[in-house]
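Trainee: turn this into a structure:
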Amino acid sequence: MLVRWNLAYSLSYRDIEELAAERGLKVDHFTVNRWVIFYSPQLEESFRKNYKRTINTSYRMDETYLKIKCKDVYLYRAVDKFGKTIDFKLSETRDKKQLFHFFKSVLAKMVFQKK
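Mentor: Numbers count the residues shown, from 1 in each chain. Reported below is the predicted structural model:
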């Protein structure tokens, strides 16, 4: 529970120590730090296995431009066939190299999630 509080909310280890003390647990903030370092990879693996949605193999790339804080920026999106956004990228310029790397990362995510 204490590790989850640290991962889910922006609480310091001392804040978590105080919350634990309110619930009758006597724990040091450094111990919470060690627990977070030890249990975070296990929690992430469990989350990826049980809660992360799979990406469909069919997707489309979308390009448009937006005004953000009075500046024109390009929005690149990868959208699956159901209209759900897989990933997006904001860029101030239309750089082909950046766009190629974005496409490559989207494909890598799709391959990673299919396993």
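Trainee: drop to CA atoms for contacts and neighbour counts, all remaining ones
Mentor: Fine.
Trainee: for the residue with the largest distance to the centre of the chain, what are phi and psi?
Mentor: Most distant from the centre of the chain: residue 24, at 33.0 Å, with distances by C-alpha atoms, centre = their mean. The phi/psi pair for residue 24 (degrees, to the nearest 10) reads phi 90, psi 10.
Trainee: state the distance from it to residue 17.
Mentor: For residue 24, the distance to residue 17 equals 11 Å [C-alpha to C-alpha, to the nearest Å].
Trainee: can you map out the strands along this protein?
Mentor: 59-68, 71-80, 85-91 (DSSP state E).
Trainee: output those strands in CSV, with mean pLDDT, mean neighbour count and distance to residue 42 appended to each entry.
Mentor: Listed next are the strands of the chain as CSV, based on pLDDT from 0 to 100; neighbours: other C-alpha atoms under 10 Å; distance: least, C-alpha to C-alpha, whole Å:
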stretch, mean pLDDT, mean neighbour count, distance to residue 42
strand 59-68, 82, 12, 30
strand 71-80, 85, 17, 29
strand 85-91, 82, 15, 24
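Trainee: among the ones you listed, which is nearest residue 34?
Mentor: Evaluated over the strands of the chain, closeness to residue 34 peaks at strand 85-91, with 32.6 Å, by C-alpha to C-alpha.
Trainee: next, the angle from that closest one to strand 71-80.
Mentor: 160 degrees (axes from the mean of the first three to the mean of the last three C-alpha atoms, to 10 degrees).
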